[in-house]
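Asker: Here's a sequence, model it:
(2 chains)
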There are 2 protein chains.
Amino acid sequence: VLNKEEITKKLETIIVPGVNKNLVEMNYVQDISVADSTVSVKLSSACLDESVQEYLKSRISQLVKDGGEAKTAEVTFEEIKPNVLNKIGNVIAIMSGKGGVGKSLVSGLLAVALRRHGFNVGILDADITGPSIPRMFGVSDNPSCSTSGILPVSSKTGIEIMSLNLLLPSEDEAVIWRGPVIGKVITQFWEEVLWGNLDFLVVDLPPGTADAPLTVLQQLPVNGIVIVSSPQDLASMIVRKAVKMAQKMNKPIVGVVENMSYLHVPEINKDLEIFGSSKADEMAASAGAPLLAKIPIDPSLAALCDKGEIEDYDGAVIEDLWKNFGEAG
Amino acid sequence: VLNKEEITKKLETIIVPGVNKNLVEMNYVQDISVADSTVSVKLSSACLDESVQEYLKSRISQLVKDGGEAKTAEVTFEEIKPNVLNKIGNVIAIMSGKGGVGKSLVSGLLAVALRRHGFNVGILDADITGPSIPRMFGVSDNPSCSTSGILPVSSKTGIEIMSLNLLLPSEDEAVIWRGPVIGKVITQFWEEVLWGNLDFLVVDLPPGTADAPLTVLQQLPVNGIVIVSSPQDLASMIVRKAVKMAQKMNKPIVGVVENMSYLHVPEINKDLEIFGSSKADEMAASAGAPLLAKIPIDPSLAALCDKGEIEDYDGAVIEDLWKNFGEAG
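Answerer: Numbers count the residues shown, from 1 in each chain, chains lettered A, B, ... in the order given. Prediction:
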């Protein structure tokens, strides 16, 4: 019989064009009701333009007809904000205060680690003026936008990515915006992007403790901060500013990652601490959080990031991140 | 006889307490006039509190008396804005778009290079939320402030430094400010700091192309930009954004510096390009400016920066910067 469950199962077979996920996965289905002669399906219309709506109507009608109970389908669309549809389990902000210590790298590696273990993961690139995530994952498609929302772009392993660089005419275009505009873009990336069902949304913050990090910590339901540092004293001094900002704003720091900890030189079989001796334990102590990983300088990783193939990296650090992040969370 | 020139010479012997430079060097002397029985000296009062004014009055009276012509001195002070007194030959902004590629390092090394060749140099640390300059130069004194201005802090070789970190209660304090406040601090560092006579003011910008760089390029008379990059593709993509910003704002790029070009490993006598092959020439071409220097990763330099002893560095890069910057300018 055509009951709600049956219909839901059928709707799971309808892949939404452009999204490449099924109706149920995307939380598009708002309501299903079955009466004597009609099956009513109420869908949200976030990010669905008219032609896609028509397509979905006809597909649903067909499925109801194929159900063999001589019922007709009544499909309605309701305009809805993407963030009402999104179901996001955890929002993890990657923060550092200091630029260039590897926030984007840690964001990328953490997303890859979580994805490899079966989680649905997205990355919100909040570094509006210096976004690195699309290049790292080799994504460059323009996100499809409709009046009701923006769809993220999927990486090859299915990590959902939204970055301003995907919306620019060319990736080296300068974005000369003041803080309030940048803040608005970040809240748009949260409210108007149809992330769908995610276990983790990793937010890659820009350096500093000004507008962009402040907007993210104030307006997004961040439930964990990962602090990224490097062995340089100078860097850790500035990173401690980020720790203080997180503490002032009562956001839990779930872990600390030290990047550029050492360089392994195979010719002499030595680990060289070229940026000074590790400050990882010290940083973890001052942040009151566990050390998740020490990332060595690995030329092969830098090369993969430049080629957009971070998802192919098989360094031990991915499993470290997975294991320690899991334990910390 | 006590003419203007004679008096000026005498004023050159009066060191202003707190500033440790003489009255003439600081452009404090606004006017000198000699009448039958009096010598009138009009001084600007920027950054001079009352006790210092009294001290200066008595010193000048004494000098006039010692002149042996039985004249009396009449010393008046006129409240004046520091930026009216400042005489700054060149304002050089160090820019990159990408964080952590070494803007502060290049700012520091360029200042050291210019200072070693006898120029008067200041550094305005415009990286308000992540300032690195004081730590690098080992300065931590609070600048003396009066209602009429702020005095920069001198490094051991006499480089004048102003940074928000010098004004904070502790250097790892977080500065959680939005763009407009940050912009105001930067213009204060320009207008209300008594830099005095400088041949070069080096402005260390924060990463990105948002508020702080925008404020500097719009409100300070920047007459040269130095672009800092690193060999990573990813970095150079973002650095090109800074190049485009400079071009859009019609500011001349006087040179490009590549940082972290390679690591010299003495054990195997090899230069390892651990962040990928150099993109220096490519960056210089796309910026339409000469390559000023390729800075290797040098653990001894990182250590000096951490210890506040960048002025003791004797790597070849200092002379490269000096030579090529001189030719470019």
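Asker: dump the residue contacts of A:Asp320.
Answerer: A:Leu292, A:Ala293, A:Lys294 (C-beta atoms under 8 Å, 6 or more residues apart in numbering or on different chains). In this view, the C-beta of every residue, glycine as well, is placed from N, C-alpha and C.
Asker: Tell me the strands beside the helix or strand of chain A with the lowest mean pLDDT, with direction?
Answerer: Using mean pLDDT, DSSP states H and E, strand A:145-146 stands out as the lowest-scoring helix or strand of chain A, at a mean of 74. Using DSSP bridges, the strands paired with strand A:145-146 are strand A:149-150 (antiparallel).
Asker: Which SSE is immediately downstream of the partner strand?
Answerer: Under the assignment DSSP states H and E, the closest C-terminal helix or strand after strand A:149-150 is strand A:153-154.
Asker: and that following strand, which strands flank it?
Answerer: In the sheet, strand A:153-154 lines up against strand A:160-162 (antiparallel) (DSSP bridges).
Asker: tally of neighbours for A:Asp172?
Answerer: Neighbour count for A:Asp172, taken as other C-beta atoms under 10 Å in any protein chain shown: 17.
Asker: do the same with A:Asn269
Answerer: By the criterion of other C-beta under 10 Å, A:Asn269 has 7 neighbours.
Asker: what's the answer for A:Asp271, then?
Answerer: By other C-beta under 10 Å, 13 other residues sit near A:Asp271.
Asker: Give me the nearest residue to whatever residue of the stretch 101-250 of chain A ends up closest to chain B, chain neighbours excluded.
Answerer: Of all residues in the stretch 101-250 of chain A, the one sitting closest to chain B is A:Gly179 (3.0 Å; C-beta to the nearest C-beta). Among residues not flanking A:Gly179 along the chain, B:Gly179 sits closest, at 3.0 Å (C-beta to C-beta, 6 or more residues apart in numbering or on different chains).
Asker: picking that back up, so what's the gap between the least confident helix or strand of chain A and the chain middle?
Answerer: Relative to its chain's centre, strand A:145-146 lies at 19 Å (C-alpha atoms, centre = their mean, to the nearest Å).
Asker: Low-confidence regions, chain A specifically.
Answerer: A:329 (pLDDT under 70).
Asker: Can you verify my assumption that the residue of the stretch 101-250 of chain A closest to chain B contacts A:Gly208?
Answerer: No - using C-beta atoms under 8 Å, A:Gly179 is not in contact with A:Gly208; the gap is 10.6 Å.
Asker: what are the ranges of the helices in the stretch 151-300 of chain A?
Answerer: Chain-ordered helices for the stretch 151-300 of chain A, with DSSP state H, counting those that start in this stretch as the definition, fall at A:179-191, A:211-219, A:233-248, A:280-287, A:299-307.
Asker: Include mean neighbour count when you put those into CSV, please.
Answerer: Output for these, formatted as CSV (neighbours: other C-beta atoms under 10 Å in any protein chain shown):
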stretch, mean neighbour count
helix A:179-191, 19
helix A:211-219, 22
helix A:233-248, 23
helix A:280-287, 18
helix A:299-307, 18
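Asker: Among these, which comes closest to B:Val254?
Answerer: Closest approach to B:Val254 among the helices of the stretch 151-300 of chain A (C-beta to C-beta): helix A:233-248, 25.9 Å.
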